[in-house]
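Enquirer: structure here, sequence nowhere to be found:
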């Protein structure tokens, strides 16, 4: 890892540590001098507070930073304090008076709680995860969709592959087959949405609209992780083949449009930096599985691309935080540095570091 990569990694972690509300313990969703002129930070965001927890644990253990690990536990405890009695968690930015339940956001919080349980072995985190998973399943339709508690009601987007991945993680822990069955229902529903051109329909936030690279990566990651748990080649092959499409486009052009329609018509006046980080993680994971060097090469270049836009000093931006888009006025998270973009950036660098070390060790044998 180069000195620049190392510097960016630690700056990014500093940004995430700064994102944690000092009074409550949740991570604030984004930094923006435009949306929050006085303090920069938004309100806390339960969803991403949940799924940045594994990043804190991985970083904290790798660099022996006890304070980072303790912050992860604080975040988990804050999440437990806002869980609804039925097991669900609120969606959107946290505001006690307007909290609404969310399928997707609840599922992402499970990722953090399970990781904290694995770290601490404290049963309260596992119990919370199981209760949440059961609520998600209880509200599922027979065809694997959800009518309520979505970003858009009566619309189950294809990035819900990532919503059922946590159900499988809980299933691995407690052996409750209804969780596995529910996950497979949704995966099958979305698997059948593949178009002749390879695009998976309804991968965006809204029906019959474009999909950001961010949500496309959610779809792919969900299929890939599910394929590993279920040992399902069909889901794995789909994730790898769709990844190859974007890898080729990235290799040819050195960048990707920020969003695509399902006929691959592109919205290319901006780049989705968040999506680059997510694709880099996916490409590195695929390399680990099939040992194709194109994937690791693409991941390194994607991380390089994002690194160019991580600020060290800036009045308008917080140092270390990955902007949602480049240019900063791009359509995805305009004029904001989301905590999840930075989370995926850190994950990508840590995974890159591990894989490059493995490659180097093999070559030295």
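Expert: Nice, thanks for sending it over. Computed from a predicted structure; not experimentally measured. Numbers count the residues shown, from 1 in each chain.

Enquirer: how about the helices in the chain?
Expert: Here the chain has its helices, by DSSP state H, at 3-19, 46-62, 66-82, 103-120, 123-138, 161-174, 177-191, 213-230, 233-253, 273-290, 293-307, 339-364.

Enquirer: what's the last one packed up against?
Expert: What that stands for is helix 339-364. Applying 3 or more Cβ pairs under 8 Å, 6 or more residues apart in numbering; DSSP states H and E, one finds that helix 339-364 contacts helix 3-19, helix 46-62, helix 273-290, helix 293-307. In this view, the C-beta of every residue, glycine as well, is placed from N, C-alpha and C.

Enquirer: buried sites along the shortest one?
Expert: Put plainly, it is helix 293-307. Within helix 293-307, the residues scored as buried using 16 or more other Cβ atoms under 10 Å are 295, 296, 298, 299, 300, 301, 302, 303, 305, 306, 307.

Enquirer: make a markdown table out of those and add distance to residue 9.
Expert: Compiled in a markdown table, those are given as follows (distance: Cβ to Cβ, whole Å):
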| residue | distance to residue 9 |
| --- | --- |
| 295 | 21 |
| 296 | 18 |
| 298 | 19 |
| 299 | 15 |
| 300 | 14 |
| 301 | 17 |
| 302 | 15 |
| 303 | 10 |
| 305 | 16 |
| 306 | 12 |
| 307 | 10 |
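
Enquirer: turn those into JSON lines, columns for pLDDT and distance to residue 207.
Expert: Shown next, in JSON lines, are those (pLDDT from 0 to 100; distance: Cβ to Cβ, whole Å):
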{"residue": "295", "pLDDT": "98", "distance to residue 207": "31"}
{"residue": "296", "pLDDT": "97", "distance to residue 207": "36"}
{"residue": "298", "pLDDT": "98", "distance to residue 207": "30"}
{"residue": "299", "pLDDT": "98", "distance to residue 207": "31"}
{"residue": "300", "pLDDT": "98", "distance to residue 207": "36"}
{"residue": "301", "pLDDT": "98", "distance to residue 207": "33"}
{"residue": "302", "pLDDT": "98", "distance to residue 207": "29"}
{"residue": "303", "pLDDT": "98", "distance to residue 207": "33"}
{"residue": "305", "pLDDT": "98", "distance to residue 207": "31"}
{"residue": "306", "pLDDT": "98", "distance to residue 207": "30"}
{"residue": "307", "pLDDT": "96", "distance to residue 207": "35"}
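
Enquirer: hmm, back to that, of the helices of the chain, which is nearest residue 93?
Expert: helix 46-62 (8.7 Å; Cβ to Cβ).

Enquirer: okay, the angle between that closest one and helix 339-364?
Expert: Interaxial angle of helix 46-62 relative to helix 339-364 (axes from the mean of the first three to the mean of the last three Cα atoms, to 10 degrees): 30 degrees.

Enquirer: what mean pLDDT does helix 46-62 get?
Expert: What helix 46-62 shows for mean pLDDT is 98.

Enquirer: select, out of the helices and strands packed on helix 339-364, the one closest to residue 364.
Expert: Smallest distance to residue 364 across these (Cβ to Cβ): 17.2 Å, for helix 293-307.

Enquirer: what's the most distant pair in the buried residues of helix 293-307?
Expert: Across the buried residues of helix 293-307, the longest distance by Cβ to Cβ is 18.6 Å; it joins 295 and 307.

Enquirer: any idea how far stretch 145-153 is from the chain center?
Expert: Here stretch 145-153 is found 19 Å from its chain centre; the criterion is Cα atoms, centre = their mean, to the nearest Å.

Enquirer: please apply the same query to stretch 49-56.
Expert: 10 Å.

Enquirer: ok, stretch 252-261 next?
Expert: Distance of stretch 252-261 from the chain centroid (Cα atoms, centre = their mean) equals 19 Å.

Enquirer: check which residues of it are buried.
Expert: Of the residues in stretch 252-261, those buried (16+ other Cβ under 10 Å) are 256, 257, 258, 259, 260.

Enquirer: how much space separates the third one from residue 171?
Expert: This points to residue 258. 35 Å (Cβ to Cβ, to the nearest Å).

Enquirer: how about the second one?
Expert: Remark: distance between residue 257 and residue 171 (Cβ to Cβ) = 36 Å.

Enquirer: circling back: adding distance to residue 330, write the helices of the chain out as TSV.
Expert: As requested, the helices of the chain are arranged in TSV below (distance: least, Cβ to Cβ, whole Å):
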stretch	distance to residue 330
helix 3-19	19
helix 46-62	19
helix 66-82	28
helix 103-120	23
helix 123-138	32
helix 161-174	22
helix 177-191	27
helix 213-230	11
helix 233-253	16
helix 273-290	8
helix 293-307	13
helix 339-364	12
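
Enquirer: got the contact list for residue 233?
Expert: residue 227 (Cβ atoms under 8 Å, 6 or more residues apart in numbering).

Enquirer: return the per-residue confidence for it.
Expert: Reading off the confidence values, residue 233 has pLDDT 97.

Enquirer: likewise the one 3 residues further on?
Expert: You'll see residue 236 listed with a pLDDT of 98.

Enquirer: give me the number of residues near it?
Expert: Residue 236 has 20 neighbours, counted by other Cβ atoms under 10 Å.

Enquirer: with adjacent residues omitted, what lies nearest to residue 179?
Expert: Once flanking residues are discounted, residue 179 sits nearest to residue 171: 4.1 Å by Cβ to Cβ, 6 or more residues apart in numbering.
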